[in-house]
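Asker: what shape does this take:
(one chain, ligands or ions: 2)
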Amino acid sequence: MSKIAVAVFNRKGGVGKTTIAVILAQIALIRHNRVLAIDLDPSENFTSAFGFLKNTSFGNYFRTKKTLEDSDADCPEDWIVIDCPPSLDDTTKHAIDFADITIIPVRPDYFSLSPVAMITAMAEKHYNKSRSQLPLVKVGFDTSSMAKVANQIINDGGYPVAEEFALHKSIPYNISSGRIWSMGLTARSRQPYESLYRKITKAIDRLSEGEDDIHAVWASDEEEGEY
Ligand SMILES: Nc1ncnc2c1ncn2[C@@H]1O[C@H](COP(=O)(O)OP(=O)(O)O)[C@@H](O)[C@H]1O
Ligand SMILES: [Mg+2]
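Answerer: Ligands and ions are numbered 1, 2, ... in the order given. Okay, here's the model as predicted:
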């Protein structure tokens, strides 16, 4: 398996970036990977969410950093998860450039969707990424007319959607109480996060095999299996 570098970014705050970064890093740890968590947001929520790990057996397999360097590509960890601030500054651009995959969480609102075109165009033009390397994750899409409009914008733009997360009451509670997410969530609510994890693993395999269009990985219905 190749080393996996995933950034989570949207220029909008409060869309679930840190939550997704935390859950992915925790699933990677539980699945016996070594994990480097890079917290580029000055709020340091990503770092804080892992404070409890120091006193557990996971502590030896996990490291946090507040800056990203090119030399991190040679780090001993298998998974690098980068939580970005809600601004497209130089550190964020470097993260998008460095990462194989940048997850863009979106809520069904115009403010979280409007930066998507600019972010993907910038990554395609300046960092030679394909659009399929910046998949969206839909968070809290319901049956409201706003969500219908949001889905239309996503379809019309041809943006790949890697996964869809419902709003779970247990999530804000679990993150603030510092639980291992995939243990704190029920099997059903955990499923889409584990599916995202497996799809990312598969996407990185495809990229390392030389495929540059990984739309099909995001569109697939992942079954529990080889990852
Ligand atoms: N799937 C979810 N269900 C319920 N609440 C969520 C979910 N994802 C995120 N949240 C909550 O939404 C708020 C913002 O999430 P956060 O991950 O901090 O966003 P960001 O990093 O984009 O600012 C937090 O209170 C978080 O607990
Ligand atoms: Mg955040």
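Asker: hmm, who's touching stretch 57-64?
Answerer: If you take CB atoms under 8 Å, 6 or more residues apart in numbering as the criterion, stretch 57-64 is touched by 25, 29, 32-39, 46-47, 50, 53, 77. Placement of C-beta: from N, CA and C, glycine included.
Asker: which positions within it qualify as buried?
Answerer: Neighbour-count burial for stretch 57-64, counted by 16 or more other CB atoms under 10 Å, picks out 58, 61, 62, 63, 64.
Asker: next step: these restricted to strands.
Answerer: 62, 63, 64 (DSSP state E).
Asker: surely residue 87 is in a helix?
Answerer: No: under DSSP: H, G, I helix; E, B strand; the rest coil, residue 87 sits outside any helix and is assigned coil.
Asker: and the closest residue to it other than its chain neighbours, its phi and psi?
Answerer: Sequence neighbours aside, residue 11 is the residue nearest to residue 87 in space, at 6.4 Å (criterion: CB to CB, 6 or more residues apart in numbering). Dihedral pair for residue 11: phi -70, psi -10, per degrees, to the nearest 10.
Asker: mind checking pLDDT for residue 11?
Answerer: Here the pLDDT value assigned to residue 11 is 98.
Asker: quick one: it from ligand 2, how far?
Answerer: Separation of residue 11 from ligand 2 (CB to the ion, to the nearest Å): 12 Å.
Asker: repeat for residue 211
Answerer: Counting by CB to the ion, the gap from residue 211 to ligand 2 is 31 Å.
Asker: looking at this, that residue is in a strand?
Answerer: No: under three-state DSSP, residue 211 falls outside any strand and is assigned coil.
Asker: and it, its phi and psi?
Answerer: Main-chain torsions, residue 211, degrees, to the nearest 10: phi -80, psi 130.
Asker: what helix or strand is the residue nearest to residue 68 when sequence neighbours are not counted on?
Answerer: Residue nearest to residue 68 in three dimensions, not counting chain neighbours: residue 38, with 5.2 Å by CB to CB, 6+ apart. For residue 38, the host element (DSSP states H and E) is strand 35-39.
Asker: neighbouring contacts of that strand?
Answerer: Contacts for strand 35-39 (CB under 8 Å, 6+ apart): 21, 25, 28-29, 45-47, 50, 61-68, 72, 75, 77-83, 95.
Asker: restricted to helices, list the residues you listed.
Answerer: Of these, the ones assigned to helices by DSSP state H are 21, 25, 28, 29, 45, 46, 47, 95.
Asker: farthest-separated two in these?
Answerer: Farthest apart among the ones in helices among the contacts of strand 35-39 by CB to CB are 29 and 95. That separation is 20.5 Å.
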